[in-house]
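Participant: could you look at this predicted model? Sequence included:
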Amino acid sequence: MRFDSTPPRLMDVSTSVMDETGGGSLQPKKRMEQIALKLAEKSLEQKLELGDNLSSALKINVAVFAAPNPTPVTIDAKTGAIRAKLVAISDAHTVVVKLHEDLAALEIDLDNLLTSEAAYLTEATKDDPTKLALMPVTLKSHATSTTLPGEIKNFRLSPGVNSGQVAVASDPADGAISYEHCQIPDITKPEVILMLESSSGCRATLSGFTSGSHVWVQRRAVGGKKTGKGPWCAPSVVTVP
């Protein structure tokens, strides 16, 4: 106990204690140091580096830290497993990018085939609407020209083939002559947009983005002079390669 007078009264001084072996002299308390890992502020790579450094230091100072819990072996096993997963993810991303490239090339081939077939049908029927009606096609003369273009459906983004590029695609919109795109720099402020490149088809590649960044993009259909523009679709996000 601590006292501050005779007769004794309790002494409220948090930094002093009674030194029982020294005849009552007061000595300052010692505060226990605590480790601040700050894991919530660290990236995965920084956590891996911390794990490596701790494991190495424990192995070097085994005389001081004879029974660490967990052991360096356990830490090494966990960091090794994480690095193996990162390699697997990187390999899988490469495969996915290649599949997207192959799919885009195949769709372009299909577009070319369908365009050639339409040209053949026009030539073979001499624009006879009765004969053209035998085919599952829409005639330009029958297209709606007084209403807004349709909504964008199935809008999707994917990493582009080259660094800084993003591939965009959607289902064809009714009455669309072309498509406009915009970027939302801050998703918490969707009303603030940055206009991007337009495209004539429903598949296109947008460029000029920062590699490694996450970008939010929207699309809308553009019709003729009398029909105007359709509504913006919901934004979609992708990581730029």
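Facilitator: Received, thanks.

Participant: which strand runs longest in the chain?
Facilitator: Ranked by residue count under DSSP state E, the longest strand found in the chain is strand 214-222.

Participant: doesn't residue 55 make contact with residue 72?
Facilitator: Yes. With contacts counted by C-beta atoms under 8 Å, residue 72 reaches residue 55, the gap being 4.1 Å. Any C-beta I mention is one placed from the backbone N, CA and C, and that applies to glycine too.

Participant: coming back round to it: who are the packing partners of the longest strand of the chain?
Facilitator: Applying 3 or more C-beta pairs under 8 Å, 6 or more residues apart in numbering; DSSP states H and E, we find strand 214-222 packed against strand 166-169, strand 178-183, strand 236-239.

Participant: pLDDT weak spots in the protein?
Facilitator: For the chain, the stretches flagged by pLDDT under 70 are 1-30, 141-146.

Participant: helices of that one, residue ranges please.
Facilitator: Using DSSP state H, the helices assigned to the chain run over residues 44-60, 72-125, 129-132.

Participant: make CSV out of those helices and add mean neighbour count and distance to residue 36.
Facilitator: Formatted as CSV, the helices of the chain follow (neighbours: other C-beta atoms under 10 Å; distance: least, C-beta to C-beta, whole Å):
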stretch, mean neighbour count, distance to residue 36
helix 44-60, 14, 12
helix 72-125, 12, 19
helix 129-132, 11, 76
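
Participant: one step back: out of the helices and strands packed on strand 214-222, nearest to residue 104?
Facilitator: strand 166-169 (6.6 Å; C-beta to C-beta).
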